[in-house]
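Novice: Provided below are the primary sequence and the corresponding predicted coordinates.
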Amino acid sequence: MFVYILLTFACVHAQITLPSHHQLVELVDQGIKLLDANHDGIIQMSEMERGWQYEDLNNDTMVSIDEYIKTFHLDPAVAQKYFDVYDTDKDGLLPHNFLFQFMHLVDKNHDGQVTDTEYLHYSISLAECLFGHGTHGHSANCDH
């Protein structure tokens with residue numbers, strides 16, 4: 001589900017630095033190719049479900065921050081920033097119905113489909129929103 005998390009971040013002195021924009025595009029594209037199993041350019045709910053099953057390590061229909069970290073081999077600081085965006089009730093768990101909310105967030109033109117392009121743009125803008133890009137960062141009120 002969170003293929004954009006495949007991004008590799010460099011953590012130096014507790015500061016997270018994004019790869020260049022071009023590198024982000026390449027990394028997210030690689031992740032999309034894994035997620036879009038039938039390579040039709042549209043990320044189906046069934047493909048998102050497959051990703052969810054990969055993340056839900058204990059099969060309890062919830063993804064915890066620990067599962068999130070383990071699944072994507074993330075630095076905890078990186079994982080927590082992403083996780084906090086989606087864990088709106090701050091209980092440390094993402095319920096299965098989150099998939100529908102996530103699909104709605106990514107589907108910017110609200111046509112009921114998530115295209116590879118929408119997923120790419122959403123993933124990159126979220127990464128840049130959370131961790132800044134270039135020499136400046138973004139505020140916590142990003143549109144995600």
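Specialist: Received, thanks. Numbering: from 1, shown residues only.

Novice: can you give me the helices for the chain?
Specialist: Taking DSSP state H, the helices of the chain run over residues 21-35, 45-55, 65-72, 76-86, 98-106, 116-131.

Novice: closest one to residue 92 among these?
Specialist: Comparing those by their distance to residue 92 (Cβ to Cβ), the top pick is helix 65-72, with 5.4 Å. (Glycine included, C-beta is placed from N, CA and C.)

Novice: tabulate the helices of the chain (a markdown table), appending distance to residue 92 and mean pLDDT.
Specialist: Shown next, in a markdown table, are those (distance: least, Cβ to Cβ, whole Å; pLDDT from 0 to 100):
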| stretch | distance to residue 92 | mean pLDDT |
| --- | --- | --- |
| helix 21-35 | 24 | 85 |
| helix 45-55 | 14 | 91 |
| helix 65-72 | 5 | 91 |
| helix 76-86 | 8 | 89 |
| helix 98-106 | 13 | 92 |
| helix 116-131 | 18 | 90 |
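
Novice: turn the ones you listed into a markdown table, columns for mean neighbour count.
Specialist: Putting the helices of the chain into a markdown table (neighbours: other Cβ atoms under 10 Å) gives the following:
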| stretch | mean neighbour count |
| --- | --- |
| helix 21-35 | 16 |
| helix 45-55 | 15 |
| helix 65-72 | 18 |
| helix 76-86 | 17 |
| helix 98-106 | 16 |
| helix 116-131 | 19 |
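
Novice: residues contacting residue 50?
Specialist: Listed by Cβ atoms under 8 Å, 6 or more residues apart in numbering, the contact partners of residue 50 are residue 37.

Novice: for it, give its distance to residue 132.
Specialist: As for residue 50, its distance to residue 132 is 32 Å (criterion: Cβ to Cβ, to the nearest Å).

Novice: do the same with residue 102
Specialist: Taking Cβ to Cβ, one finds residue 102 at 23 Å from residue 132.
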